[in-house]
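Asks: What follows is a predicted structure for the sequence shown.
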Amino acid sequence: MSTVSHRGINAGDAVTDQAHVMPAMGTGLGADAAPRPAIQIVPVKGLPIVAVVVIFLVVSIAADWGWGLDFSHVAGGGLWTGIDLFVGLVIGPILGRLSIPARAEFSARFMPKMVLIMPTVVLMTLASGLQLALRDHNLDPSNPNHAWLIASFVVVGIMAVIALGILEPANIAVLFEMKKPQPDGEIIAKLMRRFIYTAGITGLMQIATLIIMTRVTTQ
Amino acid sequence: MSAQAHSPAADASPRRYPPVAELAVASLALVIIGGIFMASYFPRRPPLGLPIALLGGSVILVAANTVILTRLREFAWDKFFLVGRWALAAYVIQAGMIEYAFVHNHASGGPLVLLTLMLVMFALNVPLIISFTVARYQTD
């Protein structure tokens, strides 16, 4: 077993540390296994991209900039829906059938990216969506889209509780477990199962979002 | 007390934790329902009775969680606070963006105060769920 840590840019904060971990996990990753990739819980190199997205969003809302709002909503929503469907219905079932060491290796590369990507695309979609709804008067009770938008709020609300309450904590807990000198394979498997099931549920709920949003744009 | 309670197998069983994450999820769900209710009326003024009741329920659950957490012993508090402060920073930004979108669209008065308090609950609960979930597995 070897553990080599490298400091991230925020000295003293282990959340940005990287750790190359080659544990003897009780479930099969022995001492002969290749070292797993560096595990960085928050990929700090991605933070400037998030900052650019947030600034673009603030400017779009402040200026009521039609193209900026449309771009943020369509690009953010498309990515959110696509990623949820793909992870929940394609990656999830594949991951569920992999061995725990294989899952751990995949997760070490995949999960940190999700920590940055998902909150960013959700923020892009929701903030620009609210502004567009007000701009286009879709929230007016007399507007035929009003009921569809409320339905979309409900779907997003349920997805938010699942994602923020179960999926994301499991995602981050897996990364912390993998940073331990001796990760517990059972805990990783349990948390990954939670991640896969909840990703599947939110993926299915995104189908409802697709139906609602295509209705809204064609009314 | 049964003999089984003293057996090695019983000693090796995973530690049980109070339902901090579950209560935080319930508290989060209450403010999300309240937020959806208020947003569905926006830009009109929504009736405030239901959102106030939902916010009150959410605050009670957060208070209960605070009491439970202060009584926790042998817990990975270092990881709890480490993850908590990063998550808090992230979700304060998220809550700030949502607040900004409403303020920019002229939300004001009682509804804005209520919305702000709901966003405070949102920004407290999500980091609490994440940091508790991480810390509990770091303690085992």
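Replies: That came in fine, so what should we check first? Numbering: from 1, shown residues only, chains lettered A, B, ... in the order given.
Asks: could you pull out the helices for the chain?
Replies: I'll assume chain A. A:47-62, A:66-86, A:92-96, A:100-135, A:146-162, A:168-179, A:185-218 (DSSP state H).
Asks: you looked at the wrong chain, it should be chain B
Replies: According to DSSP H, the helices that chain B contains are B:8-12, B:20-41, B:49-70, B:77-104, B:109-139.
Asks: Identify the residue spatially nearest to residue A:86, adjacent ones excluded.
Replies: residue A:203 (7.8 Å; Cβ to Cβ, 6 or more residues apart in numbering or on different chains). C-betas here are computed from N, CA, C, even on glycine.
Asks: for residue A:66, same thing?
Replies: residue A:135 (7.5 Å).
Asks: again, but for residue A:132
Replies: Residue nearest to residue A:132 in three dimensions, not counting chain neighbours: residue A:69, with 5.2 Å by Cβ to Cβ, 6+ apart.
Asks: so where's the chain shaky on pLDDT?
Replies: No chain specified, so I'll use chain A. By pLDDT under 70, the low-scoring segments of chain A are A:1-39.
Asks: I was thinking of chain B, sorry if that wasn't clear
Replies: Using pLDDT under 70, chain B drops low at B:1-14, B:140.
Asks: Let me see the contact set for the residue minimising distance to the centre of it.
Replies: For chain B, the residue nearest the mean C-alpha position is residue B:125 (1.8 Å; Cα atoms, centre = their mean). Neighbour list for residue B:125: B:24, B:25, B:27, B:28, B:31, B:58, B:62 [criterion: Cβ atoms under 8 Å, 6 or more residues apart in numbering or on different chains].
Asks: picking that back up, which residues sit in contact with the residue nearest to residue A:86?
Replies: Here residue A:203 is in contact with A:84, A:85, A:86, A:87, A:88, A:89, A:92 (Cβ under 8 Å, 6+ apart).
Asks: one more time with 10 Å, if that's ok
Replies: A:81-92, A:159 (Cβ atoms under 10 Å, 6 or more residues apart in numbering or on different chains).
Asks: Residue A:65 now?
Replies: A:56, A:59, A:71, A:72, A:128, A:131.
Asks: Is there a quick ChimeraX command that grabs whichever of those are buried?
Replies: Paste this into ChimeraX to select the buried members of those, with burial taken from 16 or more other Cβ atoms under 10 Å in any protein chain shown:
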select /A:56,71,72,128,131
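Asks: and which of the contacts of residue A:65 is nearest residue A:185?
Replies: For those, the closest approach to residue A:185 (Cβ to Cβ) belongs to residue A:72, at 40.6 Å.
Asks: does the closest one really touch residue A:125, like I thought?
Replies: Yes. Counting by Cβ atoms under 10 Å, residue A:125 is a contact partner of residue A:72 at 7.4 Å.
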